[in-house]
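Enquirer: Below: sequence and its predicted model.
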Amino acid sequence: MADESRESLEDVRMEKLRKLAELGIDPWGHRFDGHQSIAELRASAPPNEPGADSNAGPTVRVAGRIMLRRGQGKVNFLQIGDWSGRLQVMVGQKQVGENGWKIAELLDLGDIIGVDGRLGYTRTGELTVFAESLTFLTKSLLPPPEKWHGLTDQEQRYRQRYVDLFSNEESLGVFLGRSKVIASFRRTMAEKGFAEVETPTMQSIAGGAAARPFITHHNALDIDLFLRIAPELYLKRLLVGGMERGFEIGRVYRNEGLSPRHNPEFTMFEAYQAYGDYHSMMDLTESLICGAIESIGGGYIRKWGEATIDFTPPWPRRTYAELLAEHAGIDPSDPSAVKARAEEAGVHTAGKDPDVVMSELFEAVVEDRLDGPIFVIDYPAAICPLTKRKTSNPAVAERFELYIRGIELANAYTELNDPNLQEELFRKQLAGQKEEDSMAKMDDDFVRALKHGMPPAGGLGIGIDRLCMVLLDRTTIRDVILFPLMRPEHQ
RNA sequence: GACCGGGUAGCUCAGUCGGUAGAGCAACGGACUUUUAAUCCGUUGGUCCUGGGUUCGAGUCCCAGCCCGGUCACCA
């Protein structure tokens, strides 16, 4: 015993594994058919009638990981968990027989087992499977985290997400919720007649957004490629091709810093609708997000951190100029007033385009106050090189961004389809700033595509991760990304 | 990149004025056939993030570094 006590926790479990093998049991298990999920089983459970015979309940089969174990002499109470919930199992020496009891004595927290038995209630009213036989499904060789607190260390939760998921029910719930949000998006798009497409994630020109790209290399062609920062320009080529309604859900990559709202790879939803405009995209945005809320439940009035957000549609649509006037207290049509107010707000204005100064003032003064959901519409044209200008006022671009609690969740345009203007805007911006910093990188093939005729269209992008943060009440993007980027553990 | 906070047992955490390492859970041994984070008795378990320094003596103080988190910067 003294020798045994010096063994590691893993060694102790290895020893139990060996004993299982001696009993002729495969510690790594096999196919296990015909079990019900714990949630299904709870939903179909008969009511608890006092004095009912627990041996008369329905026969059931469940499978799951052992989350809690309470030994009580010749009976053990287990709590097993699957991805739908947790359930108590009673294992009695007499009830499971000699072999079953030998298995029961070798069980550890974290092991995965199958249980056949009758469903009933204990004298305290707890829904319980009274085990008649146990099937060993998988040995866990490492101890799970503390049973009450779970895994709380942020670093370990991200690095060992597999442990976080099985030990923190809330975490699993967030990712199942994320899955529902995405499924709901696909359903809504299908209902509206959109086709899902896939476009290149490796591109020779990283266009469609302003962000530093990751660079990779293709050996056979001996060319450098960029991981895409947006799918936009390819999806618009599809409009030219006659794909009238298309959308893509996929990963984009931006070589930038990490923060509670930024991960270098994240999931973008983009949709393009021929013969629509940015107002069509606002309607679509509301449908998509309201549909997602319906699918995850909880209603339109939702908690987010300390805040409460009311998603009841329709959401206000306010112009950029109005909001700037309201929050900055200036006349946005007066460039000198904008410049003075921007400097007051700490924005460096020297050598910058007046629209860029206005944009930075907006970010400094307005953004954080947009509790939302609110559509900010009609942006200064110079910061929108891919957007159609208003016919009535070419200084304004038909663009909106959706804000919630100061977070930009969606961005959409009436798409610019004039190839000559597009080419000019590419050249103008190229002349004015470093290519890397510009949204407008010259893309000759894209201009050629526009010359063939792209129908007037609305286009929309929604940041799926940020949407999930807001809908699933998480304040950091790492809580909605299964494996967020981390520095490697060992160098 | 800057600033702030953190890093102690498998997990969750305490550690006073600088005096040589603690609890709960888990594990191991024992009691217990209706428990609910079961309970009760006993036992084991430590590179105190790393490397220097000060000191008779450092988990604790100082310096440098590593990793994580937060804020800012960056980032449409």
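Expert: Right, received. Where do you want to start? Residues are numbered from 1 along each chain as shown, chains lettered A, B, ... in the order given.

Enquirer: of all of chain A, which residue lies closest to RNA strand B?
Expert: residue A:73 (2.2 Å; CB to the nearest atom of the strand). All C-beta spots, glycine's among them, are computed from the backbone N, C-alpha and C.

Enquirer: Give me the neighbour count for that residue.
Expert: 7 (other CB atoms under 10 Å).

Enquirer: Excluding chain neighbours, give the residue nearest to residue A:88 in space.
Expert: Distances taken as CB to CB, 6 or more residues apart in numbering place residue A:128 nearest to residue A:88, at 4.5 Å, with adjacent residues excluded.

Enquirer: SS state for the one you found?
Expert: Counting by DSSP: H, G, I helix; E, B strand; the rest coil, the backbone at residue A:128 sits in strand.

Enquirer: partners of it in the sheet?
Expert: Beta bridges link residue A:128 to residue A:88, residue A:120, judged by DSSP bridges.

Enquirer: can you tell me which strand in chain A is longest?
Expert: Using DSSP state E to define each element, chain A has its longest strand at strand A:59-72.

Enquirer: got the residue ranges for the helices in the stretch 301-450 of chain A?
Expert: Under the criterion DSSP state H, counting those that start in this stretch, the stretch 301-450 of chain A contains helices at A:320-328, A:335-344, A:354-365, A:419-432, A:444-451.

Enquirer: how much distance is there from the following helix or strand past the last one to the middle of the chain?
Expert: The reference is to helix A:444-451. Later in the chain than helix A:444-451, the nearest helix or strand by DSSP states H and E is strand A:457-463. On the basis of CA atoms, centre = their mean, to the nearest Å, strand A:457-463 sits 18 Å off its chain's mean C-alpha point.

Enquirer: can you check stretch A:267-283 too?
Expert: Distance of stretch A:267-283 from its chain centroid, counting by CA atoms, centre = their mean, is 20 Å.

Enquirer: near RNA strand B, anything from it?
Expert: No. Using CB under 7 Å from any atom of the strand, stretch A:267-283 stays clear of RNA strand B, with a minimum separation of 11.5 Å.

Enquirer: Which positions within that stretch qualify as buried?
Expert: Buried residues in stretch A:267-283, counted by 16 or more other CB atoms under 10 Å: A:267-274, A:276-282.

Enquirer: again, but for stretch A:42-50
Expert: So for stretch A:42-50, counting by 16+ other CB under 10 Å, buried means residue A:45.

Enquirer: quick one: is it near RNA strand B?
Expert: No. Judged by CB under 7 Å from any atom of the strand, stretch A:42-50 stays clear of RNA strand B, getting no closer than 11.1 Å.

Enquirer: go on, stretch A:220-240?
Expert: No. Applying CB under 7 Å from any atom of the strand, one finds stretch A:220-240 separated from RNA strand B by no less than 8.5 Å.

Enquirer: Then stretch A:371-386?
Expert: Yes. With CB under 7 Å from any atom of the strand as the measure, stretch A:371-386 is seen reaching RNA strand B through A:383, A:384, A:385.

Enquirer: The closest residue to residue A:247 other than its chain neighbours: which element?
Expert: Take residue A:247 and drop its neighbours on the chain: the residue closest to it by CB to CB, 6+ apart is residue A:271, 3.9 Å away. Assessed by DSSP H and E, residue A:271 sits inside strand A:265-274.

Enquirer: The next helix or strand after that strand vs strand A:457-463, what angle?
Expert: Per DSSP H and E, the first helix or strand lying C-terminal to strand A:265-274 is helix A:278-296. Counting by axes from the mean of the first three to the mean of the last three CA atoms, to 10 degrees, helix A:278-296 lies at 40 degrees to strand A:457-463.

Enquirer: Residue A:59 - how many residues pack around it?
Expert: Look at residue A:59: counted by other CB under 10 Å, it has 10 neighbours.

Enquirer: Same question for residue A:101.
Expert: That count, for residue A:101 with other CB under 10 Å as the rule, works out to 18.

Enquirer: need the contact list for the residue nearest to it when sequence neighbours are not counted.
Expert: Excluding the flanking residues, the one nearest residue A:101 by CB to CB, 6+ apart is residue A:93, at 4.7 Å. By CB atoms under 8 Å, 6 or more residues apart in numbering, residue A:93 lies in contact with A:74, A:75, A:101, A:104.

Enquirer: closest to residue A:61 among these?
Expert: residue A:104 (17.2 Å; CB to CB).

Enquirer: and the closest one, what is it in contact with?
Expert: Contact analysis of residue A:104 by CB under 8 Å, 6+ apart lists A:76, A:91, A:93, A:96, A:134.

Enquirer: In contact with the closest residue to residue A:279 other than its chain neighbours, which residues?
Expert: Setting aside the residues directly before and after it, residue A:279 is nearest to residue A:458 in space (CB to CB, 6+ apart), at 7.6 Å. Residues near residue A:458 by CB under 8 Å, 6+ apart: A:272-273, A:276-281, A:284, A:412-415.

Enquirer: which among the residues you listed gets closest to residue A:477?
Expert: residue A:412 (21.1 Å).

Enquirer: burial measure for residue A:171, as a count.
Expert: Look at residue A:171: counted by other CB under 10 Å, it has 20 neighbours.
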